[in-house]
Every structure is written in C-alpha cells, then in structure tokens.
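**Student:** I would like to see how this sequence folds:
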Amino acid sequence: MHIVIVDSSRVVLRIVAGMLEPRGHVVTQFTDSAEALAYVTDNPAVRALITSLEVRPLSGLELCWSARLLAESSRPLSIIAMSSARNARNLAEALDSGADDFIDKPPGAEELQARLRAAERLTTLQGDLIRLAETDPLTGLLNRRAFLHRTREAANRTGSFGHLCAVLLDIDHFKRINDEHGHDVGDAAIKAVAGLLESEGISGRLGGEEFAVVLPGQRLTEAEAIASRLRLKASDLRIRSPKGPVRLTCSFGISEWSEGETIDGLLKRADIALYEAKTTGRNRVVSAVTDLILSRTA
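**Tutor:** Reported below is the predicted structural model:
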C-alpha cells in the first residue's frame, strides 16, 4: 500500500517509515503539510495518509479535512491522525475533521500494522464501491455520470487555452442487429466496440449503443486521426452469432475545445457532428465547424 506520513519531526518520520517499509509498503515522508496535500492530490495511488496533528503550515485537522474532500471525490483513501497528546478532545476533533482512525505518536509497531490492515480493508471496499458506482456493467467503461464528472475535471485542468477534443460515436443500424440476431448479439457488439475505446482518453458509454471519448491534450487533427483509426477497427470487427459473423460500422462526431467553452457545449457540438455523419451515409467521421453548427441550429 502507498502511504504518506506527515510530521514535523524527521525522527518520527524515520521511526514510522522503519515500521512500514519492511512490510512492503511504499512510504513517502513530508514535514510540510501543504506539500503533503499537494502530493496526495496528484497521486491517486496513495491509499493511506498518516498525519500528526502538530504540523504546519496546514494544521493536522486542516490536512485531515482537505484529504477527506479528496476521498469524497471518488477515490479510496484512509486517513489516520497521530498525536502525542491522546485525549478525548483531540480524538473527537480528528474524527470530526475527517480522520478514520487515531493513533499515539510514536505508534507501537503491532498497533500500527493492525490499524493499517483495517485501513487496507476499508480502501479495498471503497474502491469496489466506487467501481460499481462509476462503471457501466456491460462494457466496463465509465457510465454517463462518471464520464461527465471526469470530463469536467479534465476541462478544469485544460483551462481556457489548452487542447481537448470530444468524440461521440454510435453503432450504425444497431436496432437491425438486435432485431435480426437477438439482444445477446447486440450486447456482444456493444462490448466489442467498447473494447476499442478502453485505451483512448476518457471513455464512457452514454447509453444504448452510444459512446464518448474525451481526449485531453489533443488537437482536432489528432482527434480526427484517432476517430478514423477507430472507425476502421470497428468495421473489421466480427461478432459471433448463430447465423454467422455479424459485421458492423460506427459513425463519429468530433468537436474541439475553444476559449470560454463548456463541457455541455463541447459535447453538443460533437453530437451535431455525429448527427451529420448519420444522416449523410454513416460509417463516417465528421468534425464540428462553425458552418455546421450554424446550419443545424438556425
């Protein structure tokens, strides 16, 4: 387990790390609580934070509270407060500030290992619950809610002048596949297309046979190249059915992030481009441009 320890004393840090590292834990140490918070924020692999209440510039209680907000934004994290002054008030304040547990400083080795085993069980359960809440059960991609949440986070990181593109796609004539071959084959087709998207940016199933991919850091030409490659891969798929292999194609709509854009606007423009691809022959990649938007919204 990746553990972050925060204490103003390097001696205490060495003592605690010395108890954890021989057990196979990855330990990162900080004397500065603000630096620790930034590290935990940027490293989702961190599963436990052990912080003294006597730290600066953020107090231990402030660090617990800030870390709890991170955990509430869909990531498993166990927070353990640590203090040399163990009393009812400190315990209550730590727990009220978001800590999951409280230990003496410096902790005993057996107690520390026992509490970390409990933390590992907790974060494993949290991770399972998060996956259930965020994952589309058929495809394993993000569900619509989780996809939109991750996309908004990516847009916030991109800012007004960064690069980001959205690709919307769906399976052409999907109702025909269901009607002619049955829903089991239709589900297999959905899973096969989803498999093409797993390694592409932020990928989600929006519903039915419709999918979306957001590509942080990509320009329009790069997104068009990715969509074109996916289109060819989709046309090469062969879905098994009692009547023989089933072929399919997909249509794609692309939009590029612009200054002052909202995620809703970005996806709306990609949806308009997807509609254009569907109504002008299918199995195509269409990019949203100003003229296309004006013609479809006038």
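
**Student:** what residue lies at the spatial centre of this protein?
**Tutor:** residue 150 (5.5 Å; CA atoms, centre = their mean).

**Student:** and that one, helix, strand or coil?
**Tutor:** With DSSP: H, G, I helix; E, B strand; the rest coil as the basis, residue 150 sits in helix.

**Student:** look up how far residue 144 lies from it.
**Tutor:** Distance of residue 150 to residue 144, given as CB to CB, to the nearest Å: 11 Å. C-betas here are computed from N, CA, C, even on glycine.

**Student:** quick check: neighbours shared by these two?
**Tutor:** residue 204 (CB atoms under 8 Å, 6 or more residues apart in numbering).

**Student:** surely residue 101 touches residue 119?
**Tutor:** Yes: the criterion here is CB atoms under 8 Å, and residue 101 meets it with residue 119 at 7.1 Å.

**Student:** related to what we said a few turns ago, how about the residue nearest to the centre of the chain, what does it touch?
**Tutor:** 142, 202, 204, 214.

**Student:** of the residues you listed, just say which sits nearest to residue 265.
**Tutor:** Residue 265 lies nearest to residue 214 out of those, by CB to CB, at 13.3 Å.

**Student:** helix, strand, or coil at that closest one?
**Tutor:** strand.

**Student:** please verify my assumption that it contacts residue 201.
**Tutor:** Yes: using CB under 8 Å, residue 214 is in contact with residue 201, at 5.4 Å.

**Student:** give me the common contacts of residue 101 and residue 119.
**Tutor:** 78, 80.

**Student:** how many residues are close by residue 245?
**Tutor:** Residue 245 is flanked by 9 other residues according to other CB atoms under 10 Å.

**Student:** enumerate every residue touching it.
**Tutor:** Contacts of residue 245 (CB under 8 Å, 6+ apart): 238, 239.

**Student:** what's the closest non-adjacent residue to residue 36?
**Tutor:** residue 30 (3.8 Å; CB to CB, 6 or more residues apart in numbering).
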